[in-house]
Structures are given as structure tokens and as C-alpha cells.
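I'll drop the sequence and a predicted model, then ask my questions.
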Amino acid sequence: MTQPTVAPPSPEELAQKELARAKDLQKAFAKIRSQIAQVIVGQDKTIEQLLIAMLAGGHCLLEGVPGLAKTLMVRSLAQAMALDFHRIQFTPDLMPADITGTDIIQQSESGARQLSFVKGPVFTQILLADEINRTPPKTQAALLEAMQEHEVTVGGKTYKLSEPFFVLATQNPIEQEGTYPLPEAQRDRFLFQTLVDYPTREQEGDIIDRTTGSFSGKIEPVITGPEIIEYQRLVRGVPLPEHVKQFVLDLVRSLRPAESNAPKWVGSWVQWGPGPRACQQIVVASKARALLHGRLHVSTEDVEALAAPVLRHRIVPTFGAQAEGVDSNAIVARILSELPRRQAAASVL
């Protein structure tokens, strides 16, 4: 007996299914924020950028002075997401093998000696690279392959990392003593460079109450690794309007001194501009932000909101710009102020 033919879902049914999944994503990440808020006071923008980075499948570099709860924030996020978590404290004497792992000689029961690979802390799902700029560039570079390819090669053998895999690194401002600036190639692997600022007076007062009294917050896991991977696929499927794509191209290409359409001041202020990876990552991050904010496609508002964290670490100011007190944040702000605004109709979930 022949089986009845099942008609494929209609476009309307597919759209309703995607809409339901998008609403599930919003609810899940709202719960994550609520869980983190039990132990982290304020820092709403930083937490949102961490969540966007994870939805976009990217890594995040948190920069701020010591004592702003950067490490606690990352640990809390891992707990709320039910993911494996490892922390590496970067120090001047840290070696690449301390991150990736190494081959050691072991003796079997028969007496034969053989090489056995002992995995390093990079074999996890959320890796906290704490104070990454306190170790020399050679050790910093040990993370490059893991961040880009999600695999590690040791002794000629390649080992896959678990998915999802995120590197959330913290660094102190490079002006502080005992720091090593990250190489440009490694900075480019981070989706965001997020600046963690001081809390407000009210928030700091709340921190005092929580940390010097009997308050204790417990974070419960809200989401699993397979669910995060599914939401990452959903993000990739968010449509990108053509005018937003052109806005991204205008933004990134205008920051390259050799570009014919770049403003004249860019040649004076920018030594090196962002590469094509900046376009890719700002688009994916903007798709994730659109979903978190209840929209089914990207708008220029998303691009403008994420331009600074995506671009600030991909711009090398000239010595002249630095002498004038102009940093990459000021450069991004100026180029945004000069680009023509484009409005997009938003579909609200």
C-alpha cells in the first residue's frame, strides 16, 4: 500500500514557524538576563553585547579596569547557559601548551611507551581568557586557530572543539603596567571589543549592599548548547535588506584610507582600516540584535548601535590622530555622523 503524499509546508506556515522560534529566542534570552541580574548589578549594554556575540557565534573581548566584575559576568553567563566552562589566568610565564594541551609519554601495561595527548583548558565551550594581555604575544597567538577554526593542532594532529565554542577574554587598559597589546590578527578574531564602564552611584551602592551583607544569588541554567546552536541558525536566516547591506559597505569601506570614497580626514586619522571580516561580523551581529529587539529583519539602527564594538579594535589610528587625542571610538562616531541615514520598516514580533 502506497503511503499518502505529505504536502510541503506553505510559505505562510514556514513564516509562522520562524516567528514562533524567534519569540522563543526572545523569552530564553530574557530569562538569561534575569538570572545574571541576580549577581551582576547594571552593565546592561555589556551583557547584551555578550548575548549578541553568542547568538552570532562570535568571541568577545571585555576591556575595563580591575574590579568591574568582568570575570564574574562571564562565569555567570556560562552558568545560565549550562555550558562547560574553563578559566585561564594569563600571566607572563604562561606557555602555549598550557592553553592547548601537550603530548606526554605514557607507559602501557605491556611496557611499551607511547605518546598520549592531554587536553588543555581550551577544550571547553566557554573559555574565559582572563587578563589576556598580561601574557606575551606568542602565548596569545595559541588561541588563534581555536577561535577561527574551532579546532586545535598539536604534534601534527588536529582535535575538534566542542560546539558551541566561545572565547570571552578580559583585558586591562593597555596603558597599565605589565600589559602586552594584542596582535592585530588576534584582535580581528573577536566580534566585539566591549568597554566595561564604572557603575553609576546608585548601582555602586547596590553592589555594596549585596557584597557586604547576607545576600546570595544563585544562577539556574536556562538554555543548553544544542538550543544555542539552533538559535544561531535562526539568526543566520534573518533577512538583510539591500539598503542595510549598502549602509554596512559604506560604513566599513569609508574607514579605509586608500578607498577613493573615504573622507579626506580618514587619511589623516586612520593608518589601517577594517577588513572584510568587519562587514561579515557587523551583519551577523546586527541580525542577532534585531531578533533580541523584536524585529524580523535588520535595520540601520542595529548597525549603528553595534558599529563601535565591532570596529573599534579593527582601526589603527595614525600618530597624528593620537597626538590630537583622537581614538578609534571618535573615528567611528564621526564616520557614523557623516553617513546618510536610511530608515527601514520594522516587523515587530
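Yep, it's here.

List the beta-bridge partners for V154.
With beta bridges defined as DSSP bridges, V154 has these partners: K157.

neighbours around it, how many?
Look at V154: counted by other C-beta atoms under 10 Å, it has 17 neighbours. All C-beta spots, glycine's among them, are computed from the backbone N, C-alpha and C.

for P239, same thing?
The burial count assigned to P239 is 12, neighbours taken as other C-beta under 10 Å.

which residues touch it?
P239 is in contact with 296-298, counting by C-beta atoms under 8 Å, 6 or more residues apart in numbering.

Contacts for stretch 278-290, please.
48, 51-53, 55-58, 191-192, 235-236, 238, 240, 244-245, 248-249, 251-252, 296-299, 302-303, 305-307, 310-311, 314.

What of stretch 136-150?
Contacts of stretch 136-150 (C-beta under 8 Å, 6+ apart): 59, 90, 92, 94-96, 98-100, 122, 127, 129, 132-133, 151-153, 160-161, 163, 165, 167, 180, 182-183, 185-186, 189-190.

Tell me which entries of those residues lie within helices.
Judged by DSSP state H, helices contain the following of these: 98-100, 185-186.

Which one (most neighbours) among these?
When neighbours are counted by other C-beta under 10 Å, I99 leads those with 23 neighbours.

Does it touch F123 like I think?
No. Contact criterion C-beta atoms under 8 Å: I99 and F123 do not qualify, at 10.0 Å.

Give me the pLDDT for A169.
For A169, the pLDDT comes out at 88.

Torsion angles phi and psi at it?
Main-chain dihedrals, A169, degrees, to the nearest 10: phi -110, psi 150.

next one: the host helix or strand of I104 to chain centre, how far?
Using DSSP states H and E, I104 maps to strand 101-107. For strand 101-107, the separation from the chain centroid amounts to 33 Å (computed by C-alpha atoms, centre = their mean, to the nearest Å).

picking that back up, now that we have the contacts of stretch 278-290, which of them are buried?
48, 51-53, 55-58, 191-192, 235, 238, 244, 248, 251-252, 296-299, 302-303, 305-307, 310-311, 314 (16 or more other C-beta atoms under 10 Å).

isn't L255 right up against I335?
Yes. Using C-beta under 8 Å, L255 is in contact with I335, at 6.0 Å.

Secondary structure class of V41, three-state.
What DSSP: H, G, I helix; E, B strand; the rest coil gives for V41 is coil.

Repeat that for T71.
Classified using three-state DSSP, T71 is helix.

Please apply the same query to the one 4 residues further on.
Classification of R75 using three-state DSSP returns helix.

Sort out which residues of the longest helix along the chain are buried, please.
The residue-count maximum for a helix in the chain (DSSP H) belongs to helix 11-36. By neighbour count with 16+ other C-beta under 10 Å, helix 11-36 contains the buried residues 22, 25, 28-29, 32-33, 35-36.

now do stretch 150-161
Residues of stretch 150-161 classed as buried: 152, 154, 161 (neighbour count, 16+ other C-beta under 10 Å).

which residues sit in contact with the second one?
Taking C-beta under 8 Å, 6+ apart as the definition of contact, the neighbours of V154 are 97, 100-103, 117.

So for E175, what's the pLDDT?
Model confidence at E175, given as pLDDT, is 56.

From N172, how far off is P181?
11 Å (C-beta to C-beta, to the nearest Å).

Which neighbours do the two have in common?
Common contacts of P181 and N172, defined by C-beta under 8 Å, 6+ apart, comprise N133.

Looking at these two, which has the bigger crowd around it?
Taking neighbours as other C-beta under 10 Å, P181 and N172 compare with N172 leading, 18 against 11.

Can you identify each of the helices in the stretch 151-300 of the chain by residue range?
Using DSSP state H, counting those that start in this stretch, the helices of the stretch 151-300 of the chain run over residues 184-187, 201-212, 225-236, 242-253, 264-269, 276-292, 300-311.

How about the secondary structure of the residue lying closest to F190 once chain neighbours are set aside?
Nearest residue to F190, sequence neighbours excluded (C-beta to C-beta, 6 or more residues apart in numbering): L61, at 4.3 Å. Counting by three-state DSSP, the backbone at L61 sits in strand.

so L61 bridges to which residues?
Bridge pairing for L61 (DSSP bridges) gives the partners A169, Q193.

Spit out the contact partners of it.
Here L61 is in contact with 132, 169-171, 182, 187, 190, 192-194, 313 (criterion: C-beta under 8 Å, 6+ apart).

pretty sure T46 is touching V196, no?
Yes. Between T46 and V196 there is a contact under C-beta under 8 Å: 5.5 Å.

Show the contacting residues for the residue nearest to P221 when sequence neighbours are not counted.
Of all residues not flanking P221 in the chain, A82 sits nearest, at 3.5 Å (C-beta to C-beta, 6+ apart). By C-beta under 8 Å, 6+ apart, the contact list for A82 reads 221-225.
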